[in-house]
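Asker: structure, please.
(chains A and B)
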Number of protein chains: 2
Amino acid sequence: MRGLMMDFPLTLTTLLAQAERVHGAREIVSRNGDKSRTSTSYAEVIRKGRQLGAALTSLGLKSGDRVATLCWNHDRHLAAYYGLPCSGFVLHTLNLRLHCDELAYIASHAGDRVILVDKSLLPVLEGFRARTKIEHVLVISDDGVAPEGMLDFDALIAAHEPAPFADVTDENQAAALCYTSGTTGKPKGVLYSHRSLVLHTLGGGSGNMLPMSMTDTVMPVVPMFHANAWGIPFIAAMVGARQVLPGPFLDPASLVDLFENEKVTVTAGVPTIWLGILQFLDANPGHDLSLIRYMLVGGSAVPESLIRAYQERHHMRIVQGWGMTEMSPLGSVACDRADLVSASDDERYAYRATQGIPGPFVEIRAVNEAGETQWDGASMGELEVRGPWIVGRYYEDEEAADKFTSDGWFRTGDIVTIGADGRITVQDRSKDLVKSGGEWISSVHLENFLMGHPDVAEAAVIGIQHPRWAERPLALIVARNGAAVEPESLKAHVLTHFPKWWVPDDFLAIDALPKTGTGKVRKTELRARFAEHYGTP
Amino acid sequence: MRGLMMDFPLTLTTLLAQAERVHGAREIVSRNGDKSRTSTSYAEVIRKGRQLGAALTSLGLKSGDRVATLCWNHDRHLAAYYGLPCSGFVLHTLNLRLHCDELAYIASHAGDRVILVDKSLLPVLEGFRARTKIEHVLVISDDGVAPEGMLDFDALIAAHEPAPFADVTDENQAAALCYTSGTTGKPKGVLYSHRSLVLHTLGGGSGNMLPMSMTDTVMPVVPMFHANAWGIPFIAAMVGARQVLPGPFLDPASLVDLFENEKVTVTAGVPTIWLGILQFLDANPGHDLSLIRYMLVGGSAVPESLIRAYQERHHMRIVQGWGMTEMSPLGSVACDRADLVSASDDERYAYRATQGIPGPFVEIRAVNEAGETQWDGASMGELEVRGPWIVGRYYEDEEAADKFTSDGWFRTGDIVTIGADGRITVQDRSKDLVKSGGEWISSVHLENFLMGHPDVAEAAVIGIQHPRWAERPLALIVARNGAAVEPESLKAHVLTHFPKWWVPDDFLAIDALPKTGTGKVRKTELRARFAEHYGTP
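Answerer: Prediction:
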């Protein structure tokens, strides 16, 4: 027996038509390249998006064509976020921090026909454009001057009346594309549909994930080229939240200035950003950030010490989230929970340092050689997920089929434990686990704990071939300003919390950790560099 | 070009499987018939629901069969809410306040095969059972004794292991059924699908509607037999909100007792309930209800005076919502908005007394003889709606086809204005508008304003045949305790806010207003009774 409700497709078109009309007057603040601020609105931004749609049609683009962006977080990037899917095109955000070879591969593999690029990022584009089939370059600038052979974004759209919203009747139509940039292997494309982005918006905006309302001012510090800015552009549009976009200025002073002066209430970004802001706030007391309700932090594991430091020194609430480009990206959030009100501080912080509980309609299980693990908080297995905003297969990449199980789950590559209440704790990436004498050691746990030591700014733990134990952990330490790396002191520190066999056999000082364009440590590089540190097997 | 995300159906099964496992330990408090309280949990309630599924299968029920409930708000009713759709059956909530003839029609039209009934409501069942094809009666009691020929609910399910969740592969499968009980015409069935209820849960839980999280304790005062209790059972299950179910005790003292002692943070119900509670709080100072974040009030228009009284005398926040059984039921909410922070008190209250802005994916338009109206806050037209949780057609009722436009919108029957910011103000039900000399007068506005007068407890304004103006308004007034109805004083009061031609020609005292089972004034009855009050045309 079928229900008799309207057959109404889930599209970004519906979402944004409502945002334009109902939330049209709500403000969007955008920081420009010269640090001035532009105040605009949902109505203006969406109108520009529809003008962009008309302009691209006049350039010969057809429904389903991919349009790349190479931009910081600002109002015209947002116009593309809104205008491209609603005009039938596919928004393809490029990560401006990737190597030009990766960008060449990605833009070429995606078949991007047009690119929108910040004028300041033209040198990045020049590094890979020749290896792609990009036909038109639309330059976003403050001065309205585009180089020869390129189009000025503002002038181009000003010449077009806004296109009406496309009539998207199939909710599975493609809307956006984003490539993963893992620490190994070639990038893989995730092709989001209108339906999946709408459901991610609804689920992401639900009470335990990244909730906001019309009373909020949200500032995505997470780049819009990074996994849909965790869904913030669409969640904010759904509820009419005021938005503040920081442009290219991601240094702590610039961010704190915006938080404070634009009265931000919700924000989100990777741990590195919050480490920098914490140091800034510690060194520059007197800032009033009390309007910030919470900061969603994810992208890599958040050390408990960081959560504690914000809470205890600044009364600010870091909420840890976990996700993947393949998950649109929100998977789980260590949300506030009433049942921990009577718990001890330590228990509460321990929970807040986990990856939290799965969002609505995100199904989880952990699997190891023995099958599905118990939800006991101790059994480790690879996390597998299923749900309406999780990748079904990669874009034109049949080699990646091994990322999916035969019964339709996606293999995340994260080794986790799951607690009785569904709390996920990432123990490691499966490829980063240290396998010592047949037992697993979590590099992530050791790193997070080491980063709580006063002498340590950053730490990476890798598994190195070992003649006796097959692998043993090696810790690479970036010292805090002025401090020295003292292996004995660090060993003693690790021993306060971990069994003896988890303690790395050596601790080496290193000037900086090699990182990917998304800020992840390149452990493959480190493993190659230190491969024979414990001798050759 | 199609997206490549998982093809994952939207089902209550997924929602509730997660609730059982992730939120399983969260509490559900239920008041019993003897006023004692039962403390149970999501895990126990959902387990009971799956036991019910197994029991019904053993009684011979098949997927898609309708199972009626005739119950107050309590844990075993909630088990049916969760267990029936997740076992493949259709949950059919019967409104225990309807006349037995209506209940006979509804249960018979729906083809209910089984009914769950509170023992205290057996007399209601006896009034209509003989006219239905109900095969089995499951009695919910505190004493475990069912009358001859009926089954005890607890004993029946105790004899069955929980059924596994049904494998619902088609998200459009029917999940629940509810009949409208309008003031005119025969009841019409709205058949919700898994998809529509899931989307209503996600949209209803979004930031501007009925948001809640794992930190909340929600108490639905709105009956579970009234339009899915406005979605609260499913929204709460999605986020793991603690629930408090008041059982049959809806008097102000009992409700305030639960609010206070169970630390309720979110609640919802019709205006009548809140009028009673207001009087109780005024008369019994000292209650601490400060944990209540907001009270969603809807079902009929909320007088501005009620919103003000709560805010100014008790610092409590009434949020007005509007919806219909045909809309699952949430349509719009006068949510908090940051852009009114700098507005005057009067402007803010004026907004809060509207029906608010449409929820996500609820499309609205108002239509009159001249076509679609402007969003100018002044042009009146009938509100039409469209969206994924709005009825597409009624259950086996082809006569009702005129409720839908040829281009696929649902006609709500409400005459509204729409503001530039999308705010909806219901001016009247289309059939209750007073058409005086070709101009429209809103009976609702007059009623709400009259109810702000100190002498008036309740007011109804109806259009009566008039020899000169075709129709003129007549006001029927239920005086506040001890007060007298003084037409001249009320006329002067109305004149302070409305044009002279809106002032009712007469004000009559009446002991009580006739009402439907859902608390709506039976204006057809009043119109018949006073048809010739202004003479015969």
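Asker: how about the nearest residue to the one residue in the stretch 351-500 of chain A that gets nearest to chain B, chain neighbours excluded?
Answerer: Nearest residue of the stretch 351-500 of chain A to chain B (C-beta to the nearest C-beta) works out as A:G422 at 3.6 Å. No exception for glycine: its C-beta is placed from N, CA and C like everyone else's. Counting by C-beta to C-beta, 6 or more residues apart in numbering or on different chains, B:V22 is the residue found nearest to A:G422 once chain neighbours are left out, at 3.6 Å.
Asker: and the residue of the stretch 351-500 of chain A closest to chain B, that's in a strand?
Answerer: No: with DSSP: H, G, I helix; E, B strand; the rest coil as the criterion, A:G422 is coil rather than part of a strand.
Asker: just the pLDDT for it.
Answerer: The score at A:G422 is 96. That number is its pLDDT.
Asker: distance of it from B:L12?
Answerer: When C-beta to C-beta, to the nearest Å is the yardstick, A:G422 and B:L12 sit 18 Å from each other.
Asker: ok, and the closest non-adjacent residue to A:I46?
Answerer: A:E20 (4.2 Å).
Asker: can I see the domain layout of chain A?
Answerer: Segmentation of chain A into domains, based on automatic domain parsing, reads A:23-352, A:362-429, A:434-529.
Asker: alongside chain B, which residues does the stretch 1-150 of chain A contribute?
Answerer: A:1-8, A:10, A:14-15, A:17-18, A:21-22, A:24-26, A:63-64, A:90 (C-beta under 8 Å from any C-beta of the partner chain).
Asker: may I see the ChimeraX selection of the buried members of these?
Answerer: Listed next is the ChimeraX selection for buried residues among the residues of the stretch 1-150 of chain A next to chain B, using 16 or more other C-beta atoms under 10 Å in any protein chain shown:
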select /A:1,3,4,5,6,8,10,14,15,17,18,21,22,24,26,90
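Asker: now, the residues of the stretch 1-150 of chain A next to chain B that are in helices?
Answerer: Where the residues of the stretch 1-150 of chain A next to chain B overlap with helices, as defined by DSSP state H, the overlap consists of A:14-15, A:17-18, A:21-22.
Asker: and which of the residues you listed is nearest chain B?
Answerer: Within those, proximity to chain B (C-beta to the nearest C-beta) peaks at A:V22, which comes in at 3.5 Å.
Asker: got the contact list for that closest one?
Answerer: Applying C-beta atoms under 8 Å, 6 or more residues apart in numbering or on different chains to A:V22 gives the contacts A:240, B:357-358, B:421-422.
Asker: format these as TSV; extra columns: distance to A:S344 and neighbour count.
Answerer: Output for the contacts of A:V22, formatted as TSV (distance: C-beta to C-beta, whole Å; neighbours: other C-beta atoms under 10 Å in any protein chain shown):
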residue	distance to A:S344	neighbour count
A:G240	39	29
B:I357	43	26
B:P358	45	26
B:D421	47	19
B:G422	47	18
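Asker: which one among those residues gets closest to A:F404?
Answerer: A:G240 (37.4 Å; C-beta to C-beta).
Asker: let me see the contact set for that closest one.
Answerer: If you count contacts by C-beta under 8 Å, 6+ apart, then A:G240 has A:19, A:22-23, A:26, A:42, A:214, B:208, B:337 around it.
Asker: 6 Å - rerun?
Answerer: For A:G240, the residues meeting the contact criterion (C-beta atoms under 6 Å, 6 or more residues apart in numbering or on different chains) are A:23, A:26, A:214.
Asker: where does the prediction get shaky in chain A?
Answerer: Residues of chain A meeting the criterion pLDDT under 70: A:182-184, A:537.
Asker: which helix runs longest in it?
Answerer: Among the segments of chain A that qualify as a helix by DSSP H, the longest is helix A:42-58.
Asker: buried residues in it?
Answerer: Buried residues in helix A:42-58, counting neighbours by 16+ other C-beta under 10 Å, are found at A:42-57.
Asker: any idea which helix or strand comes after that helix?
Answerer: Where DSSP states H and E defines the elements, the next helix or strand beyond helix A:42-58 is strand A:66-70.
Asker: wait, what's in contact with the residue in the stretch 51-200 of chain A that chain B sits nearest to?
Answerer: With C-beta to the nearest C-beta as the measure, A:S193 is the residue of the stretch 51-200 of chain A nearest to chain B, at 2.6 Å. Taking C-beta under 6 Å, 6+ apart, we find A:S193 in contact with A:172, A:174-175, B:3, B:5.
Asker: for it, give the beta-bridge partners.
Answerer: Listed beta-bridge partners, A:S193: A:A174 (assigned using DSSP bridges).
Asker: let me know the outermost residue of chain A.
Answerer: A:M1 (41.3 Å; C-alpha atoms, centre = their mean).
Asker: from B:V426, how far out is A:R313?
Answerer: 51 Å.
Asker: of the two, which one has the most company?
Answerer: Between A:R313 and B:V426, B:V426 has the larger neighbour count (other C-beta atoms under 10 Å in any protein chain shown), namely 20 against 12.
Asker: surely A:P248 and A:W72 touch.
Answerer: Yes: using C-beta atoms under 6 Å, A:P248 is in contact with A:W72, at 4.4 Å.
Asker: residues from the stretch 151-300 of chain A in reach of chain B?
Answerer: Contacts of the stretch 151-300 of chain A with chain B, taken as C-beta under 6 Å from any C-beta of the partner chain, map to A:172, A:174, A:191-193, A:196, A:202, A:205-208, A:211-215, A:238-239.
Asker: please name the nearest non-neighbouring residue to A:V124.
Answerer: Computed as C-beta to C-beta, 6+ apart, the closest residue to A:V124 that is not its neighbour in sequence is A:L96, at 5.6 Å.
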